[in-house]
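Asker: could you look at this predicted model? Sequence included:
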Amino acid sequence: METLQKIASELERGHDKEVRELVKLALDDSVPAATILEDGLIAGMQVVGERFRAHEIFLPSVLLSARAMNAGVELLEPHLGKTDARSRGTIVIGTVKGDLHDIGKNLVGIMLSGAGFEVVDLGKDVSPEAFVDAASESGADVIGMSALLTTTMPAMKDVVALVEERGMTGKVKTIVGGAPVTEDYAREIGADGYGFDAANAVECVRELIG
Amino acid sequence: MAWKSCRSGRPDVVRRVIGIPLSSIVPSEDSVLAAMGVPGDAEQGERVEKLVADALDELRGVACPRAVVASVTADEFSAIYEGEGDNHDPSPLADVFPRAEALVLFVATLGAPVGQRVSELFDEGALALGSTLDAAASEATELAGVHLDRTALRVALESGVADERTRALRYSPGYCGWSLTGQRALFSALDAREIGVTLTDSCLMEPIKSISGVIVLGPRETHEFDDDYPFCADCRTHDCRRRIAEL
């Protein structure tokens, strides 16, 4: 449908006002909200994600597209039923205990939402118990942890250990990231995945969920 | 303000709180874009340019940069650097600081309102502006460090502990083999509460847009080292190469 293609196209360009107008138009034309979300907004954000991974566009453009996506989602939310939004999976994210850096984690959240995942963002300074409790309550597929300090990285190991202790290994996968975190460290602590940047984190989550 | 030569062996410490001019710390639009991963030759368009300009306006509206500085002797710094014994061994700073003409501890901050404004913008759903302000503030924090390097050098020249060959380069805990836990010894030696900066149990500075460390003053050869320490393999930036080349 032409309007949905226009929504995707304007979202890719980061034109939030145009996305808002086109979403209104689509709703007025009785296009189901879930269809607008999937074939307009998520479709556009998917292209943004691909172009970001291919280094054709960069973070500021991704942020403007995310702003446009949020503008559209805001209008759709009252019209979306509980079963309407097709989630590709649920991921709990947060910055680990003792750490207050959250910009990278926020970006990962934006890109995961844009890719159609349900994101439960616990914020910063999140205890291992809070991660695992949230994963259990939300039926999450993945726990994603961010740390920007070498002193807080050990908390990631505590989360992985708690997942095992609660018998959730295999049911809930874990992925880690952040400036001081390496693939070797992820392997060492038994994490299932490592994201070296936000775009890579989305790919890792896709692979982990399957 | 005057520095004591770190070779004097005298235990007195010159400690000062200094204001940093806002004009010294506001980054260029290009540097904010670079901090966000945009290559120098990539055209970004009007909306991105406006986003960065708006972020810089926000920064100017909330940043209140200040620092606390103190000169120390080499023996004093040796104890501070030793900290909790968590440093990599060998490390560049362990080799560099004994060669210094002067050593100046510092903690600088943009102030709490910067981080608060970033959080407010995220809470309001202004993700793009919040993220861009955060990037601009990170660049500004680095520029506060650059300003302190220049100030330290100027004062060293005025104090007679440096000459025209002297260069200034700063090191921070968490980088180049200096353990992040070194923040504790640094903050014990240089109480930064007067400028509103404290350390959490995990050695995170609050407000988050703060920077700390030691400024090493000495001729160019004082600062030179090769990036072939064992931990250099894990470094993503090797920024030390650029910093030394720019001396």
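Answerer: That came through, no problem. Please read these numbers as outputs of a predicted model, since none were measured by experiment. Numbering: from 1, shown residues only, chains lettered A, B, ... in the order given.
Asker: what sits up against the helix or strand harbouring A:Glu50?
Answerer: Assigned by DSSP states H and E, A:Glu50 belongs to helix A:43-53. Residues outside helix A:43-53 that contact it (C-beta atoms under 8 Å, 6 or more residues apart in numbering or on different chains) are A:4, A:7-12, A:57-59, A:61-62, A:65-66, A:68-69, A:111, A:114-116, A:199-200, A:202-203. From N, CA and C alone the C-beta is placed, and that goes for glycine too.
Asker: again with stretch B:237-247
Answerer: Counting by C-beta under 8 Å, 6+ apart, B:92, B:167, B:169, B:176, B:220, B:223-225, B:227, B:232 sit against stretch B:237-247.
Asker: run through the helices of chain A in chain order.
Answerer: Ranges of helices in chain A, per DSSP state H, are A:2-12, A:16-28, A:33-35, A:43-53, A:59-76, A:103-114, A:128-138, A:154-165, A:183-189, A:198-209.
Asker: list the buried residues in the shortest one.
Answerer: To tie it back to what came earlier, the one meant is helix A:33-35. A:33-34 (16 or more other C-beta atoms under 10 Å in any protein chain shown).
Asker: and if you look at the first one?
Answerer: By neighbour count with 16+ other C-beta under 10 Å, helix A:2-12 contains the buried residues A:3-4, A:6-12.
Asker: which pLDDT value goes with the residue lying farthest from the centre of chain A?
Answerer: Residue farthest from the centre of chain A, counting by C-alpha atoms, centre = their mean, is A:Asp29 at 29.9 Å. Looking at A:Asp29, its pLDDT is 94.
Asker: that one and B:Pro219, how far apart?
Answerer: Separation of A:Asp29 from B:Pro219 (C-beta to C-beta, to the nearest Å): 73 Å.
Asker: related to what we said a few turns ago, just the buried members of the contacts of stretch B:237-247?
Answerer: Applying 16+ other C-beta under 10 Å to the contacts of stretch B:237-247 flags B:92, B:167, B:169, B:176, B:223, B:225, B:232 as buried.
Asker: immediately after the host helix or strand of B:Glu76, which helix or strand?
Answerer: Taking DSSP H and E as the definition, B:Glu76 sits inside helix B:74-82. Scanning forward in sequence from helix B:74-82 by DSSP H and E, the next helix or strand is helix B:92-96.
Asker: so for that next one, what's the average pLDDT?
Answerer: Mean predicted lDDT for helix B:92-96 stands at 92.
Asker: which secondary structure elements does the following helix or strand past it contact?
Answerer: Downstream of helix B:92-96, the next assigned helix or strand under DSSP H and E is strand B:102-109. With contacts taken as 3 or more C-beta pairs under 8 Å, 6 or more residues apart in numbering or on different chains; DSSP states H and E, strand B:102-109 sits against strand B:66-72, helix B:74-82, helix B:127-159, helix B:182-189, strand B:210-219.
Asker: returning to that earlier point: quick one: buried residues of the helix holding A:Glu50?
Answerer: A:43-45, A:48-49, A:51-53.
Asker: closest to B:Asp163 among those residues?
Answerer: A:Phe52 (49.9 Å; C-beta to C-beta).
Asker: number of nearby residues for A:Arg187?
Answerer: Counted with other C-beta atoms under 10 Å in any protein chain shown, the neighbours of A:Arg187 add up to 11.
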